[in-house]
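Trainee: Got a sequence here, can you model it:
(one chain, ligands or ions: 2)
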Amino acid sequence: MQRYRVIRERPDSLREAFTKIFRRDSGVRDFEALRGVSFTVQDGEVLGLMGRNGSGKSTALKIIAGVFEPTSGRVEVLGKVAPMIELGAGFHHDLTGRENIMINGLMLGFSRKEIMAKEDAIIDFAGLGEFIDSPVKQYSSGMFMRLAFSIATEIDPEILLIDEILSVGDAEFQEKCNARINDFRHRGKTIAFVSHSTAAVSALCDRAILLDHGKLLADGLPKQVLDQYDSLVHQPA
Ligand SMILES: Nc1ncnc2c1ncn2[C@@H]1O[C@H](COP(=O)(O)OP(=O)(O)O)[C@@H](O)[C@H]1O
Ligand SMILES: [Mg+2]
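Mentor: Ligands and ions are numbered 1, 2, ... in the order given. Down below sits the predicted model:
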C-alpha cells in the first residue's frame, strides 16, 4: 500500500475556509494511491501495467524501483534494476548528454571503465548526433527519452522498468525501442512497463495487470486484460 500525504494549499471556498478555522483542519489529508495490490513478476517475464490516469501505475513502478518505501506491505526485487520512470529524473540539466551518461552509469552501480566501454553504443542508439555534447536542458522530451532509454538498456540490467515516457518518442524511435524490448525479452530479462498502447501490450507482454483507483482489477493474459481495460475506458470514471 502506498499512502501519500496530500497538502491542500488553499481552501476551495469561503465556507471551507471558515470550517477550517473551526475544525483546526491542518489542510493535510492522507490519500491511498495503492491499496492491497499484490502481484509477482517472474524472472524473464514481460509485464504490462495498464489503467487510467491516476490509477497508481507510476506509484507501483516507483515502489519496485525503491524510489518509495511502501507505507505498508513489502516488495522484493532480485537483480539489478534500471528504472525509466520520470523523464529527466537522474539527469543533471546543466551537464551535457555525454556527461550525463557517465553520471547515470555511476548511479546505477557501474565503474567508470565499464561505462566508457558502453559510451559509443549508448550514443549511437540514442541517435542525438552532435546534441550529445549540448547541455541536456536544451533537449526536447523526445531527446531526453532517447538518451534515458539508451542508457537504461545498454547497461544491460536484469530488470527494466519503463513508465509511459516511451510515448514521447517519434514513431521510428518507438519501433527501435520495441525491437530492443523484444530482444531483452528473448534474452530472459524481466520487464515491467506501463503503456496505453493495446498494440504494444499485446505484442510485447506475456502478462498484464490492470489497476483502477489504486486497486488491482485484473491480472492475466494480455488479451483478457486489454478487453477489460477497453470496457473500463468506455465507461464514466
Ligand atoms: N507525490 C505525490 N503526492 C501526492 N499524491 C500523489 C503523488 N504522486 C501520485 N499521487 C496521486 O496518486 C494517485 C496515483 O498516481 P500515479 O501512480 O502517478 O498514477 P498513474 O501513473 O496510474 O497515472 C493519483 O491520484 C495521484 O494524484
Ligand atoms: Mg503515471
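Trainee: Now do the helices in the chain.
Mentor: Ranges of helices in the chain, per DSSP state H, are 14-23, 57-65, 97-107, 112-126, 141-154, 171-186, 198-204, 222-233.
Trainee: So which of those is nearest ligand 1?
Mentor: With C-beta to the nearest ligand atom as the criterion, ligand 1 lies closest to helix 57-65 of those, at 3.2 Å. Any C-beta I mention is one placed from the backbone N, CA and C, and that applies to glycine too.
Trainee: Met50: which of the helices of the chain is closest?
Mentor: helix 222-233 (4.8 Å; C-beta to C-beta).
Trainee: quick revisit: and the helices of the chain, which one averages the lowest pLDDT?
Mentor: Averaging pLDDT over each of these singles out helix 14-23 as the lowest, with a mean of 53.
Trainee: Which single residue of this structure ends up nearest ligand 2?
Mentor: Residue nearest to ligand 2 within the chain: Ser58 (3.2 Å; C-beta to the ion).
Trainee: Excluding chain neighbours, give the residue nearest to that residue in space.
Mentor: In space, and not counting its chain neighbours, Ser58 is closest to Asp163: 5.6 Å by C-beta to C-beta, 6 or more residues apart in numbering.
Trainee: Which residues are in contact with the one you found?
Mentor: Counting by C-beta atoms under 8 Å, 6 or more residues apart in numbering, Asp163 makes contact with Lys57, Ser58, Leu61, Met84, Ile85, Glu86, Phe193, Val194.
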